[in-house]
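Q: next comes the sequence, and after it the predicted model I'd like to discuss.
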Amino acid sequence: ETGVTQTPRHLVMGMTNKKSLKCEQHLGHNAMYWYKQSAKKPLELMFVYSLEERVENNSVPSRFSPECPNSSHLFLHLHTLQPEDSALYLCASSQGRESPLHFGNGTRLTVT
Amino acid sequence: GNSVTQMEGPVTLSEEAFLTINCTYTATGYPSLFWYVQYPGEGLQLLLKATKADDKGSNKGFEATYRKETTSFHLEKGSVQVSDSAVYFCALSTGNQFYFGTGTSLTVIP
């Protein structure tokens, strides 16, 4: 399998649930990203990991918690989310400075 | 700061029409510039890129030229097809940071 794979594709969760999004890249890249895509808004960068260390946080609420156990895997742990957190969450990877991002197909999250 | 502004959509064109989607940017330093395309139900895919002034990126009939004097990176295609219907994003990169526009939805009708 090649590219960037995200699971699950769709997720519906209540405000009190805890869930995790998973991302895996098979490109040998050394940086991984979480983006939030909401209608009519620019992509919002949430987290960046470079060489498995977090280098960018962008003031994301603490109900979103990233984890990057190695250069190929990235998780986004979710707890006590709000309805306004409903969005498409995109994972991406790159080979470092100013290299293009390679995106997964995203997880469509709905918070009820 | 760094930012990207692209034309509001949606854009609707007939097949074989000429396409232009405007993109301008504000950046410190010397960014790389990109166009990404997003088809329904999918993530963003790199369409083309340019890394320095006067570079022209091209792919699948699409072109864009890095214009430093006008801080622009407009996307063009001479003859669009129904299969080009998608959302197009202009982006810039400085180091590990990417900045995206809001996207322009394109619908091509037969």
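A: Noted; the coordinates are in hand. Numbers count the residues shown, from 1 in each chain, chains lettered A, B, ... in the order given.
Q: show the contacting residues for the residue in chain A positioned nearest to chain B.
A: Going by Cβ to the nearest Cβ, chain B is nearest to A:Phe103 of chain A, at 3.5 Å. All C-beta atoms are positioned from the backbone trio N, CA, C, and that covers glycine. Applying Cβ atoms under 8 Å, 6 or more residues apart in numbering or on different chains to A:Phe103 gives the contacts A:4, A:90-92, B:36, B:43-45.
Q: just checking: what are the partner strands of the worst-scoring helix or strand of chain A on mean pLDDT?
A: Every helix and strand of chain A was ranked by mean pLDDT, DSSP states H and E. The lowest is strand A:53-56, at a mean of 78. Using DSSP bridges, the strands paired with strand A:53-56 in its sheet are strand A:44-50 (antiparallel).
Q: give me the distance between the residue of chain B found nearest chain A and A:Gln37.
A: Of all residues in chain B, B:Gly43 sits closest to chain A, at 3.5 Å by Cβ to the nearest Cβ. From B:Gly43 across to A:Gln37, the span is 9 Å (Cβ to Cβ, to the nearest Å).
Q: okay, and the common contacts of those two?
A: Common contacts of B:Gly43 and A:Gln37 (Cβ under 8 Å, 6+ apart): A:90, A:106.
Q: let me know the helix or strand that the residue nearest the centre of chain A is in.
A: Chain A has A:Trp34 as the residue nearest its centroid, 3.1 Å off, counting by Cα atoms, centre = their mean. Assigned by DSSP states H and E, A:Trp34 belongs to strand A:31-37.
Q: would you mind listing what in chain A touches chain B?
A: Neighbours of chain B within chain A, by Cβ under 8 Å from any Cβ of the partner chain: A:4, A:6, A:31, A:33, A:40-43, A:45, A:48, A:50, A:55-56, A:90, A:92, A:94, A:96-98, A:100-106.
Q: inside strands: which ones of the residues you listed?
A: A:4, A:6, A:31, A:33, A:45, A:48, A:50, A:55-56, A:90, A:92, A:94, A:102-103 (DSSP state E).
Q: farthest pair in these?
A: Taking Cβ to Cβ as the measure, those reach their widest spread between A:Gln6 and A:Val55, a distance of 21.1 Å.
Q: the more surrounded of those two?
A: A:Gln6 (22 against 13; other Cβ atoms under 10 Å in any protein chain shown).
Q: strands of chain B, residue ranges please.
A: Under DSSP E, chain B gives strands at B:3-6, B:11-14, B:19-21, B:23-26, B:32-38, B:44-50, B:56-59, B:62-65, B:75-77, B:86-94, B:97-100, B:104-109.
Q: next, the angle from the last one to strand B:32-38.
A: In other words, strand B:104-109. Going by axes from the mean of the first three to the mean of the last three Cα atoms, to 10 degrees, strand B:104-109 is angled at 50 degrees with respect to strand B:32-38.
Q: can you list the strands that strand B:104-109 pairs with?
A: The strands beside strand B:104-109 in its sheet (DSSP bridges) come out as strand B:11-14 (parallel), strand B:86-94 (antiparallel).
Q: many thanks, have a good one.
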